[in-house]
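Participant: What follows is a predicted structure for the sequence shown.
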Amino acid sequence: MKEHRRHHQMVITVAAIYLVILIGTIVNIVRTGFPLPAGRELVNGVWAENVEAYFAEHLGFHDTLFRIKSRTDLFFGEKMVQGVYITDDMLLEKLYAEDAAGTDKLAEPVNSFFEMNGTPTFLMLVPSASEVYESRLPANAVNAEQVQRIQDTYASTANGVRCVDAYHVLSSLKSEYIYYRTDTHWTCYGAFAVYQNAIQKMGFTAVPFQRYVISHLSTEFRGDLYERTLYGGVKPDMLDYYTYEQGGAITSVTAYDADGNATDRGSTLYDVSKLRTEEMYRFYLGEPCEKLVVRTSVESGKRLLLFKDDFADCMVPYLAQHYSEICIVDLTLTGQDFTEYANPSDYSQALFLCSMKNWEKLWNTK
């Protein structure tokens, strides 16, 4: 009975807090010049534009309310906010499996490419952190299984396509810092661990970890999962980059848009300006574009055609130590037209590197 009364009092307290916040927010909105409607403005759309401009300028009201709602949900035992599971030390995205395509369909783009061109082809599908850290999810959490889907997709590839097992590499290192705590991507170390396995399959010897100098760019990185939840109870992330000072150098980077227009990005993969924005992860390859051509001082005579999503971005510097040129095609921008952006016969190898989540989105068309 006492417990019931205590719960009832808590509900009343939280409701009262919401009411005070709501009244305060309304007062602030009126005080800060919320545009009141006039007759003609309602008809011609001017008022709607003014309201949109107002909320863009005063977005803090929304953020404050959303943070309070998130914390209130957690207070009452909710463990998921905006499709993100809240754990003690990590934010983990819920994986959905509605209307999932068959694995034959998921293997078809790679099979068609390989059968049409004969270029030595590799496929790497990267599991989400929610799959690798499934044991950290709240009890009774509903989460789509990716591992079996990845394995079935690999089993559906054509003879000759070589598949890279990222899951077991990452799973064996789950006690290490291989995924960000507040973002959906893997860390530079997670990408490096899988690179070591992949590059061996591709016929090279991996650069040893000890040869790299690790620089810390930020210890306050809050990624896309934080932006979805505005939950500050998880420690911010560390953003790193690896430098192999005795290795090959980047000699030129050229970006191409959908119309083939070229932009010279100099001789660096990185965009330092992104570190001053909310899109810090874009530091690794800069602003997304349909095609990026990277040339290096490496004299292997090997050229790589890389079809990717943004999981590949922090792996490119490792790959660049083995190829004189890497042509990078962003599948999330090109979609099913990815073969139109480069001539496969110009390249020694092709690598499809994508998160499983994005891979399913790309080819799950009806």
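Facilitator: Okay, I see it.
Participant: Okay, domains of this structure per the record?
Facilitator: 2-78, 95-363 (automatic domain parsing).
Participant: Average pLDDT for the first one, rounded please.
Facilitator: Across domain 2-78, the average pLDDT comes to 53.
Participant: now residue 83: how far from residue 280?
Facilitator: According to Cβ to Cβ, to the nearest Å, residue 83 stands 22 Å off from residue 280. All C-beta atoms are positioned from the backbone trio N, CA, C, and that covers glycine.
Participant: Could you check which of the two is surrounded by more residues?
Facilitator: residue 280 (19 against 12; other Cβ atoms under 10 Å).
Participant: Can you show me the strands along this structure?
Facilitator: 80-81, 84-86, 91-93, 121-126, 162-164, 213-221, 237-243, 250-256, 262-264, 291-296, 303-308, 325-330, 349-355 (DSSP state E).
Participant: Of all these, which one is nearest residue 180?
Facilitator: Proximity of these to residue 180 was assessed by Cβ to Cβ; the nearest stretch is strand 237-243, lying at 4.5 Å.
Participant: Okay, now the sheet partners of the closest one, with direction.
Facilitator: Sheet neighbours of strand 237-243, with direction, are listed as strand 213-221 (antiparallel) (DSSP bridges).
Participant: Just give me how far the strand it pairs with sits from the chain centre.
Facilitator: Its chain's C-alpha centre and that of strand 213-221 lie 18 Å apart, by Cα atoms, centre = their mean, to the nearest Å.
Participant: Check stretch 95-109 too.
Facilitator: Centre to centre, stretch against its chain (Cα atoms, centre = their mean), the figure for stretch 95-109 is 19 Å.
Participant: Quick one: mean pLDDT over it.
Facilitator: 80.
Participant: May I see the buried residues of that stretch?
Facilitator: For stretch 95-109, the neighbour count (16 or more other Cβ atoms under 10 Å) marks 95, 101, 103, 106, 107, 108, 109 as buried.
Participant: The residues you listed in helices, which ones?
Facilitator: 103, 106, 107, 108, 109 (DSSP state H).
Participant: So what would you say the end-to-end distance of stretch 266-282 is?
Facilitator: 17 Å (Cα to Cα, to the nearest Å).
Participant: what sits up against that stretch?
Facilitator: For stretch 266-282, the external contacting residues (Cβ atoms under 8 Å, 6 or more residues apart in numbering) are 183, 185, 217-218, 221, 223-224, 227, 239, 241, 249-253, 283-288, 294, 310, 313, 316-317, 320.
Participant: and what of stretch 329-341?
Facilitator: So stretch 329-341 is contacted by 109, 113, 116, 256, 258, 288-292, 305-310, 342, 354, 358, 362, 365 (Cβ under 8 Å, 6+ apart).
Participant: Okay, buried residues for it please.
Facilitator: So stretch 329-341, judged by 16+ other Cβ under 10 Å, has buried residues 329, 330, 331, 333, 334, 338, 339, 341.
Participant: and it, what's its mean pLDDT?
Facilitator: Per-residue scores along stretch 329-341 average to 93.
Participant: now that stretch: how far from the chain's centre is it?
Facilitator: The answer for stretch 329-341 is 18 Å, by Cα atoms, centre = their mean.
Participant: Counting neighbours, which bits of stretch 355-366 end up buried?
Facilitator: So for stretch 355-366, counting by 16+ other Cβ under 10 Å, buried means 355, 356, 357, 358, 359, 360, 362, 363.
Participant: Give me the subset of the residues you listed that lies in helices.
Facilitator: Checking those against DSSP H, those in helices are 356, 357, 358, 359, 360, 362, 363.
Participant: Closest one to residue 169 out of these, please.
Facilitator: Residue 169 has its nearest neighbour among those in residue 356, at 14.3 Å by Cβ to Cβ.
Participant: which residues does the closest one contact?
Facilitator: 125, 126, 127, 128, 131, 146, 149, 150.
Participant: how far away is it from residue 147?
Facilitator: 9 Å.
Participant: Pull up the overlap in contacts between these two.
Facilitator: Common neighbours of residue 356 and residue 147 (Cβ under 8 Å, 6+ apart) are 127, 131.
Participant: So which residues of the stretch 151-300 of the chain form helices?
Facilitator: 167-171, 188-201, 224-229 (DSSP state H, counting those that start in this stretch).
Participant: Next, format the ones in helices among the buried residues of stretch 95-109 as a markdown table and append distance to residue 197.
Facilitator: What follows is those, written out as a markdown table (distance: Cβ to Cβ, whole Å):
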| residue | distance to residue 197 |
| --- | --- |
| 103 | 22 |
| 106 | 21 |
| 107 | 20 |
| 108 | 25 |
| 109 | 22 |
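Participant: List just the nearest of these to residue 176.
Facilitator: Nearest to residue 176 among these is residue 106, at 28.8 Å by Cβ to Cβ.
Participant: For the closest one, which non-adjacent residue is closest in space?
Facilitator: In space, and not counting its chain neighbours, residue 106 is closest to residue 153: 4.5 Å by Cβ to Cβ, 6 or more residues apart in numbering.
Participant: Also residue 302?
Facilitator: Nearest residue to residue 302, sequence neighbours excluded (Cβ to Cβ, 6+ apart): residue 348, at 4.5 Å.
Participant: need the contact list for that neighbour.
Facilitator: Taking Cβ under 8 Å, 6+ apart as the contact definition, residue 348 lies against 119, 120, 301, 302, 303, 304, 323.
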